[in-house]
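Student: fold the following and give me the result.
(chains A, B, C and D)
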Protein chains: 2
Amino acid sequence: MGVAPSLSDRLTEAILGIIRDADLGPGDAIPSARELAKRFELTTPTIREALRKLEATGAVEFRHGSGTYVGPTINNVVLANPHRPPITKNSVLELIGARLLIEPAVAAQAARVQAAAAPAPSGAGAAEEGAAAEGEAGSHGAGSGGWSLEKLEAAVTNALTPPGGPAFALNFHVELAAASGNPVVEELIGSLLKVRVREQQQIRQLYDNRKRDYEEHRAIFEAVKSGDAAAAEQLTREHLDHIRTAIEAAAFPELP
Amino acid sequence: MGVAPSLSDRLTEAILGIIRDADLGPGDAIPSARELAKRFELTTPTIREALRKLEATGAVEFRHGSGTYVGPTINNVVLANPHRPPITKNSVLELIGARLLIEPAVAAQAARVQAAAAPAPSGAGAAEEGAAAEGEAGSHGAGSGGWSLEKLEAAVTNALTPPGGPAFALNFHVELAAASGNPVVEELIGSLLKVRVREQQQIRQLYDNRKRDYEEHRAIFEAVKSGDAAAAEQLTREHLDHIRTAIEAAAFPELP
DNA sequence: GTGAGCAAGTGATTTAGTCACTTTGTGACT
DNA sequence: AGTCACAAAGTGACTAAATCACTTGCTCAC
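Tutor: Numbering: from 1, shown residues only, chains lettered A, B, ... in the order given. The predicted structure follows:
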């Protein structure tokens, strides 16, 4: 078993080693392909193969004429398949089903974290479990820079902004996952959403649930803010269930 | 935006198109690099770059001297980062935290599916929510071939088998996710576990919780089998919590 | 200053060929 | 007839030296 640790696999590891030894983060430039070729005593096509592998997982990024740079997802433990199969109505429903299974628990955890951080303003009876504050994030998260409750609120109001508006990049569900305090969960939800960005836009065009989305997002936000885990969980479940029934009712341009 | 749809990105898409048009599945051979070079009127290094990208995500597999084959994860929507950062104790805890958040809900869903499939043997009061049977799987799942309850039981007894034993590939938590009926959830859990296979082995060597694992797995299995969602959820939570405290107490060879 | 234009650095791709490995089938030997 | 050794064909792995395309920054005229 494991007879072949070989290949240009070692090269990708070596390049990752260079990146980590130099403590490079997303956006930083890495040595050019020719430079690496010289350093490893290989030729550029070989180097490029290794770099392409790293590119496929978002570990590095090519910019023609400029250089090669560290990618945004180099520290991810899980990622969305960039070579995903063509979307079907069924696969979209499976995706929603998965989110319906995990996001309510995420919302509840976010509320618990919030309740532990703030000195409980109005004590609603929602302490259903022990595991409260998971504490600090290891700083190598998936882009959650500052404190998350503010970003979460920004993401709420964002549901009404047109594409291209301010801070359109913020997604409520991703920010909600970030508020749970666990960067892996944030990656998970982010990956799940990234798979269907194109379909998301399609759905948004088909009918206008943006106002309802906004209201439901706000309700969830309020529940999280007040530390009511049970309410956050239930509201999130209902919200996703609404989306699911909407998708079920929708007639897709492409359906198998 | 999106000014550059170009690159050898189109090549990877085209190759994926070939695979899907020919309806090739994992294990099937794809045209050789030279053949593809001729077909696309390109040169082999260019083709190889595209193939390397596909290799990085498990869409294709190289076998030196034999050929190139369709990989096992070509239909995944989410996957474990093959170029994952070095593991730290904190990152392992984050991983467990994420599983602690989602797996109890997965176990509960598996129990609900089971309760809906079998005509409730002993009606325990566990119907806390509506969403029951999600129905058929789209057949393009992540390896769950036959019916899952049997495989789940096989995975239970497997906790005691030494490495290299029969059906060692089966993992209880992955099979549990499969039993939830949602292939995306199965992928998710599988990816989460794949990230730390090396650490899993390390932990298993440090101290022997295999017997306790076995007993807890069996308890969860029984709860799922009897359709008791609440029990399955709670038992899974406790099981993962035990693992977490064990990891917290462990002294890792490498710790930052 | 401001802008046009040159030059260096970098990625993108080609071309032509060699080496290493796997598979398969043929043939000789038993 | 059965089995083993070996050769041939097909394939991936990699090299070598170029050329083209793009970006960036600098310089120099205006």
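
Student: run through the strands of chain A in chain order.
Tutor: Taking DSSP state E, the strands of chain A run over residues A:29-30, A:60-63, A:67-70, A:78-80.

Student: identify whichever of those strands lies nearest to DNA strand D.
Tutor: In terms of CB to the nearest atom of the strand, the element of these nearest to DNA strand D is strand A:60-63, at 6.4 Å. C-beta here means a position set from N, CA and C on the backbone, and glycine is covered the same way.

Student: pLDDT on the closest one, on average?
Tutor: The pLDDT scores in strand A:60-63 average 97.

Student: so what pairs up with the closest residue to A:Leu188 other than its chain neighbours in the strands?
Tutor: Closest residue in space to A:Leu188, ignoring its immediate chain neighbours: A:Val78 at 6.2 Å, by CB to CB, 6 or more residues apart in numbering or on different chains. Applying DSSP bridges to A:Val78 yields these beta-bridge partners: B:Ala80.

Student: quick one, what contacts A:Val78?
Tutor: A:Val184, A:Glu187, A:Leu188, A:Ser191, B:Val78, B:Leu79, B:Ala80, B:Asn81, B:Leu188, B:Ser191, B:Leu192, B:Val195 (CB atoms under 8 Å, 6 or more residues apart in numbering or on different chains).

Student: show the pLDDT at it.
Tutor: Residue-level pLDDT assigned to A:Val78 equals 95.

Student: need the contact list for the residue nearest to A:Ala50 when sequence neighbours are not counted.
Tutor: Nearest non-adjacent residue to A:Ala50, counting by CB to CB, 6+ apart: A:Leu11, 3.9 Å away. Applying CB under 8 Å, 6+ apart, we find A:Leu11 in contact with A:Phe40, A:Leu42, A:Thr46, A:Ile47, A:Glu49, A:Ala50.

Student: circling back to that earlier point, any idea which of the strands of chain A is most buried?
Tutor: Per-stretch averages of neighbours, counted by mean count of other CB atoms under 10 Å in any protein chain shown, single out strand A:78-80 among the strands of chain A, with a mean of 24.

Student: from the chain's centroid, how far away is it?
Tutor: Its chain's C-alpha centre and that of strand A:78-80 lie 8 Å apart, by CA atoms, centre = their mean, to the nearest Å.

Student: rewinding a little: could I get the strands of chain A as JSON lines with distance to B:Ala177?
Tutor: JSON lines is the format used below for the strands of chain A (distance: least, CB to CB, whole Å):
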{"stretch": "strand A:29-30", "distance to B:Ala177": "37"}
{"stretch": "strand A:60-63", "distance to B:Ala177": "32"}
{"stretch": "strand A:67-70", "distance to B:Ala177": "33"}
{"stretch": "strand A:78-80", "distance to B:Ala177": "14"}
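
Student: just send the ones you listed back as JSON lines, with distance to DNA strand C too.
Tutor: Shown next, in JSON lines, are the strands of chain A (distance: least, CB to the nearest atom of the strand, whole Å):
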{"stretch": "strand A:29-30", "distance to DNA strand C": "7"}
{"stretch": "strand A:60-63", "distance to DNA strand C": "4"}
{"stretch": "strand A:67-70", "distance to DNA strand C": "4"}
{"stretch": "strand A:78-80", "distance to DNA strand C": "21"}
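
Student: low-scoring pLDDT stretches of chain A, where are they?
Tutor: In the predicted model, chain A carries pLDDT under 70 at residues A:1-6, A:118-147, A:158-169, A:197-208, A:251-256.

Student: alongside DNA strand C, which residues does it contribute?
Tutor: Within reach of DNA strand C by CB under 7 Å from any atom of the strand, chain A has these residues: A:32-35, A:44-45, A:48, A:62-68.

Student: with respect to DNA strand D, which of those residues is nearest?
Tutor: Nearest to DNA strand D among the residues of chain A next to DNA strand C, with distances taken as CB to the nearest atom of the strand, is A:Gly65, at 2.4 Å.

Student: if you tally nearby residues, what's the number for that closest one?
Tutor: Neighbours of A:Gly65 under the rule other CB atoms under 10 Å in any protein chain shown: 5.

Student: got the phi and psi for it?
Tutor: A:Gly65 adopts backbone torsions of phi 80, psi -10, taken as degrees, to the nearest 10.

Student: do A:Ser66 as well
Tutor: Reported as degrees, to the nearest 10, the phi and psi values for A:Ser66 are phi -110, psi -50.

Student: count the neighbours of it for me.
Tutor: Neighbours of A:Ser66 (other CB under 10 Å): 8.

Student: tell me how far it lies from chain B.
Tutor: 13 Å (CB to the nearest CB, to the nearest Å).

Student: next one: A:Pro31
Tutor: 17 Å.
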